[in-house]
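> The following block contains a protein sequence and its predicted model.
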Amino acid sequence: MHVMPLLLLVAGSAAIAAAARRTPVPPPLLLVAAGLVFAYVPGVPDYALDPHVVLPLMLPPLLYTAAVDSSYLDLRAQLRPVALLSVGYVLFATLVVGWAAYQIVPGLPLTAALVLGAVVAPPDAVAATAIARRVGLPSRVTTILQGESLVNDATAITAYRVALAAAIGEGATWAGGIGEFLLAAVGGIGIGLILMMPIHWLRTHLKEALLQNTLSLLIPFAAYAVAEEVHASGVLAVVVVALYLGHRAWEVDFATRLQEEAVWKMVAFVLESAVFALIGLQLPVVLEGLGAYEGVDAAWYAIAVFLVVVVTRFAWVYPGTFVPRLLSARIRDREPNPTWKGAFVISWAGMRGVVSLAIAFSIPLTMEGGEEFPERNLVLFLTFTTVIGTLVVQGLTLPPLIRLLKLPGRDVQAETLAEANAQAQASRVAQQRLEGLLEDERNALPPPLADRLRMVLERRQNAVWERLGSVNPVTGETVDDTYRRLSREMISAEREMFVRLRDGRYIDDEMLRTLLRRLDLEEAAAFREAE
């Protein structure tokens, strides 16, 4: 892809994603719709999705940023349902969807149908995370969906390789397929476990935030490449490393964390926007070469496969949710009681995404002996329509469905109370540390400066409790909100004065940058983004 089309893709998708934030429509859906429209606008370049770009260059950073933001402890607590979905469901969907496609489409070989089943089996990490953030799902449901979407790509890619080997005549066997799956899973996890501690050690020993963030950008690509080089799962390697680094992020320098958060937010925004736009832009490529399947027949096949994909997820989720509880007292004791509403949302939230398309585009044109892969274009078409169908139908209906089911959201009051209690305990420890340090004559401070340290500590402790208090009847603000707003106004006034002094040549630009950075750090410390 040349530079100008790439720039147009990034700039256009970012602009549409930014505009979508002002609408009730989730950005992924608007980006897909825009891609479908712009695919036929004259002058728009052809954006044929290259699996050699998406899988090694776009998938690792998207998985990394999703895994770093996930909770290792929450995922460990939901390991059983996550494993049932990310491994069991993907294999189940591969077989059921493949067999159904074989029965539905005349002339489609079973091996090619199983390739289709593996391609459309995994819900997408980007789609699940983007939709879940927007609709405010309950925390346990969100954890299960995120955990599933982080791991299921590895299962699907392995199942695809086995099905493809059978389709192109490489003599795949059940024993060989199981062996390849174990190599991919165990190898990917093993590579991640080997890499995570040295990478974390390096992150904590680099002294410059710039170098640490450069390393951070390289980590997902390195983990993915090393695992794929030994034929293990690059997906699992990236996820294992990212979960460990996210869990130990508190050990990294604060300046690195500030920069890293900003950098990865930007990277995730750009990549997610481009990925969903690319999905829509594939329509002309997918429609090429359908041949005998053009028209009404292809549409009916697409609808039938889409319905099978949706029903298959319900057929797996409900038994997987309730049957183990009936059979195991240990599960009943350790896990909260699930509801049919939560299972329904998990079943309906199985959006597919760019990974399915990338895998489909990697299907070779020819098999052993030089014959064409059977119905490759039809498999591409059915993958595309399934991805679009799940994103549009399920993505658009998920928010009203959650409102209709009246699922309990996050308990903001309880979370704020827990935060306040944690802050109170931390403040007591910090107060004891401060008083002990001030008793040492080497740490002597004038009383005003010592009082300032105490006041900052007290302010940090009281800020959380104030969020639980009453609000201003005029502005609707808590005391803490008003304090933050007034402080921001003061900092803004200082910033404007510094600029006027620079414009009047009383200070130079270098001094201005120094003074503005000081204000930026104060503002960052005082006005951290509320969770």
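It's in.

> Centroid-nearest residue for this structure?
Among the residues of the chain, the one closest to the centroid is residue 66, at 3.4 Å (Cα atoms, centre = their mean).

> distance between whatever helix or strand that residue lives in and the chain's centre?
Taking DSSP states H and E as the criterion, residue 66 maps to helix 59-68. The chain centroid and the centroid of helix 59-68 are separated by 6 Å under Cα atoms, centre = their mean, to the nearest Å.

> re the thing from before, compute the distance between the residue nearest to the centre of the chain and residue 246, please.
10 Å (Cβ to Cβ, to the nearest Å). Where you see a C-beta, it was placed from the backbone N, CA and C, and this is true even at glycine.

> Determine the residues that are contacts of both of those two.
Both residue 66 and residue 246 lack any common contact, where contact means Cβ atoms under 8 Å, 6 or more residues apart in numbering.

> mind showing which ranges of the stretch 101-250 of the chain have poor pLDDT?
For the stretch 101-250 of the chain, the stretches flagged by pLDDT under 70 are 125-136, 169-177.

> mind listing the strands in it by residue range?
For the stretch 101-250 of the chain, applying DSSP state E, counting those that start in this stretch gives no strands.

> can you give me the helices in it?
Secondary structure of the stretch 101-250 of the chain by DSSP state H, counting those that start in this stretch: the helices cover 110-120, 125-135, 139-167, 174-205, 209-229, 234-247.

> Now mean neighbour count and distance to residue 104 too, for those, in CSV please.
Converted to CSV, the helices of the stretch 101-250 of the chain look like this (neighbours: other Cβ atoms under 10 Å; distance: least, Cβ to Cβ, whole Å):
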stretch, mean neighbour count, distance to residue 104
helix 110-120, 27, 9
helix 125-135, 23, 25
helix 139-167, 24, 17
helix 174-205, 16, 24
helix 209-229, 18, 34
helix 234-247, 26, 30
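
> out of those helices, which comes closest to residue 78?
Each of the helices of the stretch 101-250 of the chain has some distance to residue 78 by Cβ to Cβ; the shortest is helix 139-167, at 5.2 Å.

> now the angle between helix 110-120 and the closest one, please.
Using axes from the mean of the first three to the mean of the last three Cα atoms, to 10 degrees, one finds that helix 139-167 and helix 110-120 are set 150 degrees apart in direction.

> Over to the most far-flung residue of the chain relative to its centre: give its phi and psi.
The C-alpha centroid of the chain is most remote from residue 441, which lies 50.6 Å away (Cα atoms, centre = their mean). Main-chain torsions, residue 441, degrees, to the nearest 10: phi -60, psi -20.

> who are the neighbours in contact with it?
For residue 441, no contacting residues are found, by Cβ under 8 Å, 6+ apart.

> Equivalent analysis for residue 336, please.
residue 140.

> that's a strand at it, yeah?
No. Read with DSSP: H, G, I helix; E, B strand; the rest coil, residue 336 is coil and lies in no strand.

> Where in this protein is the helix or strand with the lowest mean pLDDT?
The weakest-scoring helix or strand in the chain, judged by mean pLDDT, DSSP states H and E, is helix 125-135 (a mean of 63).

> Does residue 159 touch residue 92 like I think?
No. Counting by Cβ atoms under 8 Å, residue 159 sits too far from residue 92 to count as a contact (10.5 Å).
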